[in-house]
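A.B. asks: Could you look at this predicted model? Sequence included:
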Amino acid sequence: MSEIAKLTPECIWRNFDALTQVPRPSGHVEKVQQFLLDFAKKVGVEAFQDPAGNIVMRKPATPGMENRKTVTFQAHMDMVPQKTPDSKHNFETDPIETVIKDGWVYANNTTLGSDNGMGVAAIMAIMEAKDLKHGPVEGLITRDEETGMFGANELPEGELNGDILMNLDSETWGKFVIGSAGGIDITATLGYKGVENDQEAAVKVTLKGLKGGHSGLEIHEGRANANKEMVRFVRKTIAELDARLAQWQGGNMRNAIPFKAEVVLTLPAANVPALKEMVEKQRAMIEDEFKTIESNVEMYCEDVEKPAEILPVEIQDNLVDAIYACHNGVVRFIPVKPDVVETSSNLAIINIDSTSASIKILARSSREDMKEYVASQLESCFNMAGMKVEMSGSYGGWDPNPNSEILNLLCKVYKDQTGTDAAIEVDHAGLECSVILGKYPNMDVVSLGPTLRSPHTTTERCEIATIEPFWNLVKATLEQIPVK
């Protein structure tokens, strides 16, 4: 048991601490599924794993509250696996090491998993509690939200009993989310035959140290995208130094702004000194352009063994041009609410070698027509490079309901407890609420949570002081859930 298990409220921190000991990166959730089933058995509540791999827990009402509406608390079990370059952490086998610093809980050189581990821990606390007053409650803990909302998309109809859905995946205490953006994955691929490398030298160029971050919640902050910054450099070396592209690896999560990219270039030996000078100039330019945003830019090159093959020149030029032209960042803000992003895209992952290329982008919008527009724009961009473009994982936006009964109750309880009004907002981040509402359209839905910052990055953190008021709000709200 680590130091965080002693924090208040103990019921949430103890469960979150236990969760950090269970490996649960997206795509590898078998251990956490069993952990949750074992937990439910231990505390004596009904639980099962559904055909989609979600875990559902159910707890009957406390005596006298059987006639209340059923509340479904929802969170996702997986976490984004990001680590610092020098970390040896293995997300499939190693527990997360937590650190307390300046009122926040961090992880040691990895993502923390408070997104959405704090929501899971809260569901566990509700299920094990003997002193809560509540009507019927159930917990829905979904599989692989971070890689495509697979658990929510495959959720069987008719499985849930809830009249109310309280999603616990929001990241600012005192804010209730009543709408979110939809999204779609765009994947561009191309196969080709490599050509013999007749260049004299090879170098690997690395760009790292960028902030990265959540491609929905933090896309408006103008953080540098490692792939977009790298393509400026690559295009320049091709044009001025006769460089050729052999490899490119940038980014590793579709919903995270890439903070690192690496390329292997070949070139005449006489041009290597000029390339090394260009690397430093590019680093300085990025640092200057993003001087109020990025503070740890690293860009350097190292000599490497010459690869046997490189990309054909026409393929190389088409790919570099397409990456250069690909839109990244905010497309536009909501016209009637100009401080909220409406539509964006994130050039998330690039993998290129001498025989194939794969590029992955996540586009988001709170308008279905704008989501289709930006997806078609990106499709056109990569079609012009001769790439095959596929759309997948599309999910709709969540339309706000400002007259929501559960929203009004939460606002009342929040004001009673804090003396201030809660913020009511629409998020650009994609939430599973929209997918679940598609299957359960009569649910009354709201999203809330404690304060987290920098999810999907190695500086992800949870503010300790927000957990107790969050828990107090949940408890008091459960006592006042209306009659069905």
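C.D. replies: All right, it came through fine.
A.B. asks: How much space separates the residue nearest the centre of the chain from Asn346?
C.D. replies: In the chain, the C-alpha nearest the mean C-alpha coordinate belongs to Asn255, at 4.6 Å (CA atoms, centre = their mean). Computed as CB to CB, to the nearest Å, the Asn255 to Asn346 distance reads 7 Å. The way it works is simple: take the backbone N, C-alpha and C, and place the C-beta from them, glycine included.
A.B. asks: In three-state terms, label the residue with the largest distance to the centre of the chain for me.
C.D. replies: Within the chain, the residue lying farthest from the chain centre (CA atoms, centre = their mean) is Ala270, at 43.4 Å. Classification of Ala270 into helix, strand or coil gives helix, according to DSSP: H, G, I helix; E, B strand; the rest coil.
A.B. asks: which neighbours do Asn255 and Asn346 share?
C.D. replies: 215, 362 (CB atoms under 8 Å, 6 or more residues apart in numbering).
A.B. asks: where exactly do the helices run in the chain?
C.D. replies: Per DSSP state H, the chain has helices spanning 10-20, 30-43, 114-128, 150-153, 226-241, 272-289, 313-325, 368-383, 405-418, 433-439, 467-479. These are given in chain order.
A.B. asks: Report how many residues lie close to Ala239.
C.D. replies: Other residues within reach of Ala239 by the criterion other CB atoms under 10 Å amount to 11.
A.B. asks: I'd like to know how far it sits from Ile286.
C.D. replies: For Ala239, the distance to Ile286 under the criterion CB to CB works out to 19 Å.
A.B. asks: Over to Gly191?
C.D. replies: Going from Gly191 to Ile286 by CB to CB gives 32 Å.
A.B. asks: the more surrounded of the two?
C.D. replies: Between Gly191 and Ile286, counting by other CB under 10 Å, Ile286 is the more crowded of the two (23 against 11).
A.B. asks: these two touch, right, the more buried one and Met299?
C.D. replies: Yes: counting by CB atoms under 8 Å, Ile286 sits close enough to Met299 to count as a contact (7.0 Å).
A.B. asks: which residues do these two both contact?
C.D. replies: Contact with both Ile286 and Met299 is made by residues Leu207, according to CB under 8 Å, 6+ apart.
A.B. asks: What about the nearest residue to Arg367 once chain neighbours are set aside, how many residues nearby?
C.D. replies: Sequence neighbours aside, Glu342 is the residue nearest to Arg367 in space, at 6.3 Å (criterion: CB to CB, 6 or more residues apart in numbering). Residues near Glu342, counting by other CB under 10 Å, number 23.
A.B. asks: List the residues that contact Glu342.
C.D. replies: The neighbours of Glu342, taking CB under 8 Å, 6+ apart as the test, are 181, 331-335, 365-367, 370, 428.
A.B. asks: if we can go back for a sec, please dump the helices of the chain into TSV; it should also carry distance to Ile350 for every row.
C.D. replies: Below are these laid out as TSV (distance: least, CB to CB, whole Å):
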stretch	distance to Ile350
helix 10-20	31
helix 30-43	29
helix 114-128	24
helix 150-153	23
helix 226-241	5
helix 272-289	17
helix 313-325	7
helix 368-383	12
helix 405-418	41
helix 433-439	28
helix 467-479	38
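A.B. asks: quick one, longest strand in the chain?
C.D. replies: In the chain, assigned by DSSP state E, the strand with the most residues is strand 337-352.
A.B. asks: which residues touch Asn108?
C.D. replies: Listed by CB under 8 Å, 6+ apart, the contact set of Asn108 reads 96-99.
A.B. asks: what about 6 Å?
C.D. replies: Residues counted as contacts of Asn108 (CB atoms under 6 Å, 6 or more residues apart in numbering) are 97, 99.
A.B. asks: quick one: it from Ile4, how far?
C.D. replies: With the distance defined as CB to CB, Asn108 ends up 12 Å from Ile4.
A.B. asks: again, but for Ser170
C.D. replies: Taken as CB to CB, the spacing of Ser170 relative to Ile4 amounts to 21 Å.
A.B. asks: How about Val105?
C.D. replies: With distances defined as CB to CB, the gap from Val105 to Ile4 amounts to 6 Å.
A.B. asks: Give me the common contacts of the two.
C.D. replies: The overlap between the contact sets of Val105 and Ile4 (CB under 6 Å, 6+ apart) consists of Thr98.
A.B. asks: higher neighbour count, these two?
C.D. replies: Val105 (26 against 17).
A.B. asks: wait, doesn't the more buried one sit right on Glu463?
C.D. replies: No: using CB atoms under 6 Å as the test, Val105 is too far from Glu463 to be in contact (8.3 Å).
A.B. asks: Number of residues surrounding the closest residue to Ile123 other than its chain neighbours?
C.D. replies: Once flanking residues are discounted, Ile123 sits nearest to Gly139: 4.0 Å by CB to CB, 6+ apart. The local packing count at Gly139 equals 28, with neighbours defined by other CB under 10 Å.
A.B. asks: residue contacts, Gly139?
C.D. replies: Contacts for Gly139 (CB under 6 Å, 6+ apart) come out as 57, 73, 123.
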